[in-house]
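Student: One predicted model, sequence on top.
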Amino acid sequence: MMRHICAASAILAALVTGASAQQPNAQLNDTQQLGQSLFVQSCGVCHLKPQLTSVQFAPVLSRESLGGQEDVMRQVIANGTPRMPGFKHHFDQTQIAAIAAYLKTVPVQQAAAPAPRARQNDRDAD
């Protein structure tokens with residue numbers, strides 16, 4: 001019973017943490033809040049994981065993305081890359097700047113723990 005309560009608490013904490021990326025943050029200014037909203041609506045499909053078990057299609061973004069250079073962030077958002085569409089026909093320059101301003105507020109996430117390595121005995125059995 002206690003194990004189920006702990007598991008449920010861990011899942012709830014993960015959901016709350018994930019949802020906080022989608023909710024307006026009182027610490028963000030109006031431009032950053034606009035950028036957060038646009039990011040979640042248009043960029044989140046690839047750059048965010050909607051569920052813990054979902055596949056993430058593009059890298060996690062943070063203030064350090066693209067060397068932390070906000071002008072480069074704006075250029076990539078506008079023009080895209082070989083693997084990402086550009087958004088210059090979808091967003092105006094103010095909106096693109098707002099997304100970059102929001103990204104500059106996103107802390108760098110810890111890298112996921114590496115997958116456990118197979119034990120030597122398990123490989124020898126093959």
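Tutor: Here it is on my side, so go on. Numbering: from 1, shown residues only.
Student: where's A98, which helix or strand?
Tutor: Using DSSP states H and E, the element containing A98 is helix 93-103.
Student: And L38, by the same measure?
Tutor: Per DSSP H and E: helix 30-38 holds L38.
Student: Go ahead and name everything in contact with the very next helix or strand once past that helix.
Tutor: Next helix or strand after helix 30-38 toward the C-terminus (DSSP H and E): helix 44-47. Outside helix 44-47, the residues that touch it by C-beta atoms under 8 Å, 6 or more residues apart in numbering are 22, 39, 50, 56-61, 84. For every residue, glycine as well, the C-beta is placed using N, CA and C.
Student: out of those, which are buried?
Tutor: 39, 61, 84 (16 or more other C-beta atoms under 10 Å).
Student: Sketch out the low-pLDDT regions of this structure for me.
Tutor: The chain contains residues with pLDDT under 70 at 1-26, 110-126.
Student: quick one on the thing from earlier: could you dump the buried ones among the contacts of helix 44-47 into TSV and include distance to M73?
Tutor: Shown next, in TSV, are the buried ones among the contacts of helix 44-47 (distance: C-beta to C-beta, whole Å):
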residue	distance to M73
F39	11
L61	9
M84	12
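Student: Reduced to three states, what does the residue nearest to G80 when sequence neighbours are not counted come out as?
Tutor: Take G80 and drop its neighbours on the chain: the residue closest to it by C-beta to C-beta, 6 or more residues apart in numbering is G86, 3.3 Å away. Following DSSP: H, G, I helix; E, B strand; the rest coil, G86 is assigned to coil.
Student: does G86 really touch Q75, like I thought?
Tutor: No: G86 lies out of contact with Q75 (C-beta atoms under 8 Å); the separation is 9.4 Å.
Student: residues near S37, how many?
Tutor: 17 (other C-beta atoms under 10 Å).
Student: can you check the one 3 residues further on too?
Tutor: When neighbours are counted by other C-beta under 10 Å, V40 registers 16.
Student: How about the contacts made by the residue lying closest to V106 once chain neighbours are set aside?
Tutor: Leaving aside its chain neighbours, V106 sits nearest to S62 (4.6 Å; criterion: C-beta to C-beta, 6+ apart). S62 makes contact with 103, 106-109 under the criterion C-beta under 8 Å, 6+ apart.
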